[in-house]
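1. take a look and give me a structure for this.
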Amino acid sequence: ATSVPQTKAKVAAKQRMCKPATMPEAPASSKAMGPPKFNPMRDILAGSIMAATSVPQLIAYAETVGYAGYRGLATAGPSLFAWGLSTGSPWMNAGVTSITALMAKTDLDGESFVAEYGEEEYVRLVSAYSLYVGLASIILGLVGFGKLCGKTPKPVKAGFKWGCAVGVVASAMPNGVFGGGSKQLKSLVASSAVNGAVQWMKTNVPAATGAVNVTNLLFAVTSPHLWTIIPAVLFIISTAFVMKASKLLPKWLPPGTEVIIAVAAATLYSMNSDYEGGVVGEIPSLDPDAGMSLLGGKIKIPVEIVDVKSLIADVDVVGRFGGSWPMLALSATLFAAVNFLSIMGIASGFETENNIPWSAPRELIAQGIACGVAGGTGSGPVSGSM
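-> Just a heads-up that it's a prediction; the model follows:
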C-alpha cells in the first residue's frame, strides 16, 4: 500500500524534469483573491441590495431586542457607517444581530423593564448599555484579547452558533405562527400542562431564561392546532421559499432577491386582505428639528441623536445588575467577548477562502466604535455580520 504513492511521486518527478523551465503556478486557492478592487458601480449596487435585503432582519432583530421594529430601520445606518470607517474588512457588515439582540434583552431583562417603565425608557436603557459594551470592546482590543479568542476550540464555536440559531427560532416562532405573537404564546403556555415546569424554572433558576424560551418553543412546535392559520401559512411558505429559491429563480438575479420577493409578496397580501397576524405598524414621523443637518440645514439626515451625557448620568443601567458596578463591567465585557466570536469566525473565513488578512485588535476596536455610535443613536449593541 505504501509503494503506490511513492511510484506516483517518481513518475511526477520525471515529468517535471522533462518539462521546459517555467514560472511556478500559484496555487488554485490563491488565484483571484485578496481585497477587491474599487468599482463604484458594483459597490453601489451591492450596497443597495444589502440595504434592501436587510430590512426584514432589521425589523425582526429590533423586535427581538424588545422595542418596536421600525427602530431597527431608523438606527441601522450610523453604526454601520462607523463600522465601515473603522473595520479592516472590505465585506463584513455590522448591525444588531440575533446574538446581540438576544443577549441585550436577556442581560437587561427587557420584558419586565418595558412592562414597568415603557418602551421609550427601555430604548434609553439599551442605548446606555451599548455604550458600556462599546467601551469594553475597545479595552479588550487594547489588552490583546483578540489573540486569546483565536485559541477558542472549534466545538465551542459550533455549539455557540447552534445555540444562537435555536434562540433565533425561539424568538421568531411566536410571531410566525400566532396572530397575537409572544403574548398569545405565553398565555397559552400559562394554561397548559407545561406551565408548572416553566414556573419552577422561573422561581428556582431565574437565570435560565433560555430554558424557558426553549420550553415555549417546544410547546409552540407541538401545538399546531393552536396556530393562527394565515400567519402560520405565510411563515412556512416564506421560510421554504427563501431556503429553496436558489433552485427556482434565474441564476442572473443577485443574491438576496428571494428575501425581497418574499417580503414584498407577504406585505402586498396583508395590505389587500383581512390579514389577522401582526405587522410592523405605522412608523412615527421624526420631529422636523431632530436629526443631523449638513450644509447649513440643506441636507437633513433623519437620525435621532441621543444625549450621551444623559445616558451615562441619568439612566440606571447598573440597577439592572443589582446595583453592582463590577457586575455591570463583567456583563459588558462578556457581551463584548462573545460578540467578537462572530466577527472572528467571519474574518477567519475570509482570510482562509479569500486571502484577506485581518487584525483582531482592530476589529475589536471597530466593534467598540460601532457600539458607541449605536448607543448614541438609540440602538442596541452591534456586531459583525455576514
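
2. any weak-confidence spans in the stretch 101-250 of the chain?
-> Applying pLDDT under 70 to the stretch 101-250 of the chain picks out residues 150, 157-158, 160-161, 164.

3. need the strands for it, in chain order.
-> With DSSP state E, counting those that start in this stretch, there are no strands along the stretch 101-250 of the chain.

4. for the stretch 251-386 of the chain, same thing?
-> Going by DSSP E, counting those that start in this stretch, the stretch 251-386 of the chain shows strands at 292-294, 299-301, 383-385.

5. among the ones you listed, which is nearest residue 106?
-> For those, the distance to residue 106 is smallest for strand 383-385, at 15.2 Å, taking Cβ to Cβ. Where you see a C-beta, it was placed from the backbone N, CA and C, and this is true even at glycine.

6. I'd like the mean pLDDT over the closest one, please.
-> Averaging pLDDT along strand 383-385 gives 84.

7. can you tell me how far residue 296 sits from residue 122?
-> Applying Cβ to Cβ, to the nearest Å, the value for residue 296 to residue 122 is 35 Å.

8. more neighbours: the two, which one.
-> residue 122 (21 against 6; other Cβ atoms under 10 Å).

9. so who does that one touch?
-> Applying Cβ atoms under 8 Å, 6 or more residues apart in numbering, we find residue 122 in contact with 66, 67, 108, 110, 113, 114.

10. name the nearest residue to the first one, sequence neighbours excluded.
-> It stands for residue 66. Leaving aside its chain neighbours, residue 66 sits nearest to residue 110 (3.5 Å; criterion: Cβ to Cβ, 6 or more residues apart in numbering).

11. tell me the one among the contacts of residue 122 nearest to residue 59.
-> Of the contacts of residue 122, the one sitting nearest to residue 59 (Cβ to Cβ) turns out to be residue 67, at 11.1 Å.

12. about what we covered before: just the contacts of residue 122: which are in helices?
-> 108, 110, 113, 114 (DSSP state H).

13. number of nearby residues for the third one?
-> By the measure other Cβ under 10 Å, the count of residues near residue 113 is 19.

14. didn't it look like it was pressed against residue 320?
-> Yes - under the criterion of Cβ atoms under 8 Å, residue 113 makes contact with residue 320 at 7.3 Å.

15. and for these two, which residues touch both?
-> Common neighbours of residue 113 and residue 320 (Cβ under 8 Å, 6+ apart) are residue 125.

16. roughly how far does the residue nearest the centre of the chain sit from residue 343?
-> The centroid of the chain falls nearest to residue 97 when counting by Cα atoms, centre = their mean (1.2 Å). Distance, residue 97 to residue 343, by Cβ to Cβ: 10 Å.

17. before we move on, what about residue 328?
-> 23 Å.

18. the more surrounded of those two?
-> When residue 328 and residue 343 are compared for neighbours, residue 343 comes out ahead with 25 against 20, by other Cβ under 10 Å.

19. leaving out sequence neighbours, find the closest residue to the more buried one.
-> Nearest to residue 343 is residue 384, by Cβ to Cβ, 6+ apart, at 3.6 Å.

20. just checking, that neighbour touches residue 92?
-> Yes - assessed by Cβ under 8 Å, residue 384 is found in contact with residue 92 at 4.9 Å.

21. what is in contact with those two at once?
-> 343, 346, 347.

22. closest to residue 259 among the residues you listed?
-> Nearest to residue 259 among the shared contacts of residue 384 and residue 92, with distances taken as Cβ to Cβ, is residue 346, at 19.3 Å.

23. residue 274 versus residue 119, what's the distance?
-> Taken as Cβ to Cβ, the span from residue 119 to residue 274 is 28 Å.

24. ok, of the ones in helices among the contacts of residue 122, which come out buried?
-> 108, 110, 113, 114 (16 or more other Cβ atoms under 10 Å).

25. one step back: deepest-packed of the strands of the stretch 251-386 of the chain, please.
-> Ranked by mean neighbour count, the strands of the stretch 251-386 of the chain are led by strand 383-385 with a mean of 25 (mean count of other Cβ atoms under 10 Å).

26. now do that one: distance to the chain's middle.
-> Centroid separation between strand 383-385 and its chain, computed with Cα atoms, centre = their mean, to the nearest Å, is 6 Å.

27. sorry, back to before: now render the contacts of residue 122 as a markdown table, adding distance to residue 58.
-> Listed next are the contacts of residue 122 as a markdown table, based on distance: Cβ to Cβ, whole Å:
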| residue | distance to residue 58 |
| --- | --- |
| 66 | 15 |
| 67 | 12 |
| 108 | 20 |
| 110 | 18 |
| 113 | 22 |
| 114 | 19 |
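
28. of those, closest to residue 338?
-> The closest of the contacts of residue 122, once distances to residue 338 are taken by Cβ to Cβ, is residue 108, at 15.3 Å.

29. right, and the closest one touches residue 125 too?
-> Yes - in this structure, residue 108 is within contact of residue 125 by Cβ under 8 Å, at 6.0 Å.

30. tell me, what's touching these two both at once?
-> 317, 320.

31. now stretch 68-76: average pLDDT?
-> Here the average pLDDT along stretch 68-76 is 86.

32. kindly report the same for stretch 255-270.
-> 86.

33. buried residues, that stretch. List them.
-> 256, 257, 258, 259, 260, 261, 262, 263, 266, 270.

34. name the nearest of those relative to residue 363.
-> Using Cβ to Cβ, the buried residues of stretch 255-270 come closest to residue 363 at residue 256, 24.2 Å.

35. identify the residues contacting that closest one.
-> Residue 256 touches 49, 50, 52, 53, counting by Cβ under 8 Å, 6+ apart.
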